[in-house]
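**Q** Sequence first, predicted coordinates after that:
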Amino acid sequence: MVLATSKQNKLEVNWIGPGKVLSRISDTNYVIDLPGKRDRSTIYHVNLLKPYHWRPELVSLVVEEVSDDIEGDAEIPYLDKQCTKFDYHEILRESQLQLKLSPSQIDELKQVITKNKDVFSPDPGTTHLMRMDIELISDKPIKTKPYRMSPRQINILREEIKRLLELGVIEIGQSDYTSPLILVESPNKDPRPCVDYRRLNEITRAEFFPLPNMEEIVEKVSAVPYVTVMDLSKGYFQIPLTPRAQRYAAFVAPFGTYIPKKMMFRLVHCWTIAKEGSQIAM
């Protein structure tokens, strides 16, 4: 690259190129061939030069506008099929209950947890209270080809798809609607599969559910002696899809097409559905 003065303003300089080094005249001067210039072969001082590096090819790249929407960063969670064993001691250690309860209380808690160990399973269950449906505002099917990926990325996706199949979250199938599956790789995080539902979301009829007022909730619980907090294990994957929604939410990978049986991340109103389901369950 060559640092040259601007044609419009001689007081401004810009990097132009890349050019080709034809010869070295001295320790500080080089003959550079710059395509597009009238005098293509020109002598430049070394202080006006810098090496040019070709940028690496990017595969399965998706450029998205940065948003504060909670849906924007939602990815498919890591589902460890091997992590199904109930471990009371791990729960006790992580919660540090031994610092807050007496030995007799801990023994009573162990009996309760052991009796209801299915509640503490890391595998998602299935609710019977509701199902997610998708209504479109256009009848034109959306069918997207899978993104190009490297062999390493494909191997990672195969493992994640295998876990989803084993847990019954998805199934192998065909649909006239398909969205591409991508792999999200972030610093200091494990790679996560993610379905690019942007085209489907553009033609999906939006649904709204009023959120509770946080100040009112604080007022209600401010005088109670105990506050219980519940957390769902992969809550989105506990809400089943209607047959119509399964057809629309199908996604394609480089090695096959899959039909989701449970609610998938990045669908336009899955967060609203999850909130509504939580209210019904409560």
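**A** Perfect, I can see it now.
**Q** Quick check: phi and psi at R158.
**A** phi -60, psi -40 (degrees, to the nearest 10).
**Q** show me what contacts it?
**A** F255 (C-beta atoms under 8 Å, 6 or more residues apart in numbering). In this view, the C-beta of every residue, glycine as well, is placed from N, C-alpha and C.
**Q** rerun at 10 Å
**A** Contacts for R158 were tallied using C-beta atoms under 10 Å, 6 or more residues apart in numbering; they are A253, P254, F255, G256.
**Q** give me the number of residues near L181?
**A** Look at L181: counted by other C-beta atoms under 10 Å, it has 25 neighbours.
**Q** Confirm that it sits in a helix.
**A** No: counting by DSSP: H, G, I helix; E, B strand; the rest coil, L181 is not part of a helix but strand.
**Q** Give me the buried positions along the helix or strand encompassing L164.
**A** Following DSSP states H and E, one finds L164 within helix 151-166. In terms of neighbour count (16 or more other C-beta atoms under 10 Å), helix 151-166 has its buried residues at Q153, I156, L157, E160, I161, R163, L164.
**Q** Now the last one: closest residue in space, sequence neighbours ignored.
**A** Right, L164. I170 (4.6 Å; C-beta to C-beta, 6 or more residues apart in numbering).
**Q** which residues of the stretch 51-200 of the chain score low on pLDDT?
**A** Scanning the stretch 51-200 of the chain for pLDDT under 70 picks out 55-97, 120-123.
**Q** Could I get the full set of strands for it?
**A** 170-172, 179-184, 192-195 (DSSP state E, counting those that start in this stretch).
**Q** separation between N201 and M263?
**A** Per C-beta to C-beta, to the nearest Å, N201 is found 14 Å from M263.
**Q** which neighbours do those two share?
**A** H269.
**Q** ok, these two, which is more surrounded?
**A** Ranked by neighbour count (other C-beta under 10 Å), N201 and M263 place M263 first, with 25 against 16.
**Q** That one contacts Y197, doesn't it?
**A** No: here M263 does not reach Y197: they are 11.7 Å apart, not a contact under C-beta atoms under 10 Å.
**Q** Let me see the ranges of the helices in the stretch 151-282 of the chain.
**A** Under the criterion DSSP state H, counting those that start in this stretch, the stretch 151-282 of the chain carries helices at the ranges 151-166, 198-202, 214-221, 243-248, 270-281.
**Q** As TSV, those helices with distance to K115 would be great.
**A** Shown next, in TSV, are those (distance: least, C-beta to C-beta, whole Å):
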stretch	distance to K115
helix 151-166	27
helix 198-202	43
helix 214-221	27
helix 243-248	35
helix 270-281	21
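**Q** what's the closest of the contacts of R158 to A4?
**A** When these are ranked by distance to A4 (C-beta to C-beta), P254 comes first, at 44.5 Å.
**Q** show me what contacts that closest one?
**A** 60, 145-149, 151, 153-154, 157-158, 180-181.
**Q** What pLDDT is listed against it?
**A** Looking at P254, its pLDDT stands at 91.
**Q** With the one 4 residues further on instead?
**A** According to the predicted model, the pLDDT of Y258 comes to 95.
**Q** The one 10 residues further on too?
**A** Among the per-residue scores, V268 holds a pLDDT of 82.
**Q** one step back: now the buried residues of helix 151-166 in TSV, with distance to V31?
**A** Listed next are those as TSV, based on distance: C-beta to C-beta, whole Å:
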residue	distance to V31
Q153	43
I156	48
L157	50
E160	54
I161	56
R163	59
L164	60
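**Q** Mind listing the shared neighbours of M263 and Y197?
**A** With C-beta under 10 Å, 6+ apart, M263 and Y197 have common neighbours A249, C270.
**Q** sorry, back to before: of the buried residues of helix 151-166, closest to N9?
**A** Of those, the one sitting nearest to N9 (C-beta to C-beta) turns out to be Q153, at 45.7 Å.
**Q** Verify the stated contact: that closest one with E185.
**A** Yes: contact criterion C-beta under 10 Å: Q153 and E185 qualify, at 8.2 Å.
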